[in-house]
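Participant: prediction below, plus the sequence it came from.
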Amino acid sequence: MRVLVAGGAGFIGSHYVRELVSGGYEAFAGAEVTVLDKLTYAGDLANLEPVAGRFAFVHGDVCNDELLAHLVPGHDVVINFAAESHVDRSIASAGEFVRTNVQGVQALMQACLDAGTPRIVQVSTDEVYGSIDAGSWAEDAPLAPNSPYSAAKAGGDMIARAYARTHGLPVSITRCGNNYGPYQFPEKVIPLFATNLMDGRTVPLYGDGGNVRDWIHVADHCRGIQLVAERAGESEPGEVFHIAGTAELTNLELTERLLDALGAGWDRVERVADRKGHDRRYSLDDAKLRGLGYAPAIGFEEGLAATVRWYEENRDWWEPLKKRAEDAR
Ligand code: NAD
């Protein structure tokens, strides 16, 4: 079996690849793995260092039709993690988000169609639905994205759906809540706050801190994606699967847990103006995937403690990334 992982050098894609080539997903044991990644600021081969030499790497752009026409044929499974993923960056400048998250999906779907790829997974987000004050979205809820990031992701989902409806392309779409875990770029809230606190700095808390996010450990997210990938040939073309988190927390509650974990007080919290168009709450109903046997395995307390420990023990990984990002501002 040959598996192509687009965006496999980023936070979530690299977790998937490390697990896959280490035999963590039994149904794909022994798979030959190709990683396609543009290595943007968010992608780094250091994320794949623990499994170096056990996969083929192609440095390239998911929007490159010619490259994809050569690369995709021969792969039995294609999983697309490649994206611009940071909401704040999409507010500052949205062009690259539309290119990678919409046009990139179109290019990949077309290449898969031409190659007759039997199983495809498009990795997406709960943010495509907009904001929900109470209750949870089912997979057929209307899309109402509010940020350029989520709008571009919704565009990619719609393109994948169109290839499924028009051509019968066997693509499944997964939508997940906020991920945390090792190797997450230190611009996202958990590693940003944790590493700032480790360095004796303050942490910037948006608005009233009342925004609610549903947190999931990256290992649980990837196990959900894997289950969907295993079934992708049998699912309805274009079918959507939710992968929900294990801890619904306001940003105030999350901040409190990180302060506790690092022995810091509220004096280290700096209130900053709210993010523009900041969605109040996301929540997914994951009954469908649970009905197929999925259940998250990592509780938030345990997962957060392990993640904070990982950042404490891996300064060599995050210090240069953070410095580069700060110098670029
Ligand atoms: P990330 O930013 O850490 O990684 C993205 C990867 O894609 C990087 O390796 C980057 O180099 C690569 N990439 C970007 N543009 C590319 C291009 N044009 N061609 C090839 N490669 C390119 O993102 P992540 O947090 O790992 O997210 C992975 C996927 O999961 C994204 O599609 C994201 O929308 C989705 N998702 C993320 C979360 C989350 O909480 N992080 C939650 C739900 C869904």
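Facilitator: Structure received. Numbers count the residues shown, from 1 in each chain.
Participant: only C-alpha atoms for contact and neighbour calcs from this point on.
Facilitator: OK.
Participant: pull up the distance across stretch 306-325, start to finish.
Facilitator: 25 Å (C-alpha to C-alpha, to the nearest Å).
Participant: chain center to it: distance?
Facilitator: Offset of stretch 306-325 from its chain centre (C-alpha atoms, centre = their mean, to the nearest Å): 19 Å.
Participant: hmm, that stretch touching the ligand?
Facilitator: No. Using C-alpha under 6 Å from any ligand atom, stretch 306-325 never reaches the ligand; the gap is at least 12.1 Å.
Participant: quick one: the strands in the stretch 1-150 of the chain?
Facilitator: 2-6, 32-37, 56-59, 77-80, 119-125 (DSSP state E, counting those that start in this stretch).
Participant: in whichever strand or helix holds D157, what's buried?
Facilitator: Element membership of D157 [criterion: DSSP states H and E] is helix 148-167. Residues of helix 148-167 classed as buried by neighbour count (16 or more other C-alpha atoms under 10 Å): 148-164.
Participant: same deal with stretch 270-278?
Facilitator: For stretch 270-278, by 16+ other C-alpha under 10 Å, it's H278.
Participant: what average pLDDT does that stretch get?
Facilitator: Averaged across stretch 270-278, pLDDT comes to 92.
Participant: how about stretch 287-304?
Facilitator: Mean predicted confidence for stretch 287-304 is 97.
Participant: distance between the ends of that stretch?
Facilitator: 25 Å.
Participant: in that stretch, what counts as buried?
Facilitator: A287, L289, R290, Y294, A295, P296, I298, F300, G303, L304.
Participant: hmm, back to that, so how far is the helix or strand just after the helix holding D157 off the chain centroid?
Facilitator: Downstream of helix 148-167, the first helix or strand assigned by DSSP H and E is strand 171-176. Here strand 171-176 is found 11 Å from its chain centre; the criterion is C-alpha atoms, centre = their mean.
Participant: now do the helices in this protein.
Facilitator: 11-21, 65-71, 87-92, 95-98, 104-115, 148-167, 189-198, 218-231, 251-261, 287-291, 300-313, 315-328 (DSSP state H).
Participant: which ones are touching P191?
Facilitator: Contact analysis of P191 by C-alpha atoms under 8 Å, 6 or more residues apart in numbering lists Q184, F185, V308, Y311.
Participant: and the last one, what does it touch?
Facilitator: Going by C-alpha under 8 Å, 6+ apart, Y311 touches P182, P191, A194, T195, W318.
Participant: swap in the third one?
Facilitator: Taking C-alpha under 8 Å, 6+ apart, we find V308 in contact with P191, A194, A261.
Participant: sorry, back to before: quick one: closest of the helices of the chain to A138.
Facilitator: Of all these, helix 287-291 sits nearest to A138, with 8.6 Å by C-alpha to C-alpha.
Participant: give the other helices and strands that the closest one contacts.
Facilitator: strand 240-243 (3 or more C-alpha pairs under 8 Å, 6 or more residues apart in numbering; DSSP states H and E).
Participant: surely A29 and V3 touch.
Facilitator: No. Using C-alpha atoms under 8 Å, A29 is not in contact with V3; the gap is 11.0 Å.
Participant: please name the residues that touch T125.
Facilitator: S150, K153, T174, R175, C176, G177.
Participant: any chance of those in a markdown table, with distance to G135 and pLDDT too?
Facilitator: A markdown table is the format used below for the contacts of T125 (distance: C-alpha to C-alpha, whole Å; pLDDT from 0 to 100):
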| residue | distance to G135 | pLDDT |
| --- | --- | --- |
| S150 | 20 | 97 |
| K153 | 22 | 98 |
| T174 | 20 | 98 |
| R175 | 17 | 98 |
| C176 | 16 | 98 |
| G177 | 15 | 97 |
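Participant: near the ligand too, which of those residues?
Facilitator: Answer for the contacts of T125 near the ligand (C-alpha under 6 Å from any ligand atom): C176, G177.
Participant: so which of the contacts of T125 is the closest to L67?
Facilitator: Closest to L67, out of all of those and judged by C-alpha to C-alpha, is K153, at 22.4 Å.
Participant: relative to Y129, how far out is that closest one?
Facilitator: For K153 relative to Y129 (C-alpha to C-alpha), the value is 10 Å.
Participant: S172 - how many residues pack around it?
Facilitator: Around S172 there are 29 other residues, counting by other C-alpha atoms under 10 Å.
Participant: just use 853 as the starting number from now, easier for me
Facilitator: All set: I'll call the first residue 853, so the last point we hit is now S1024.
Participant: beta partners of it?
Facilitator: Note on S1024: beta-bridge partners by DSSP bridges are V973.
Participant: ok, it touching E1086?
Facilitator: No. Using C-alpha under 8 Å, S1024 is not in contact with E1086, being 9.8 Å away.
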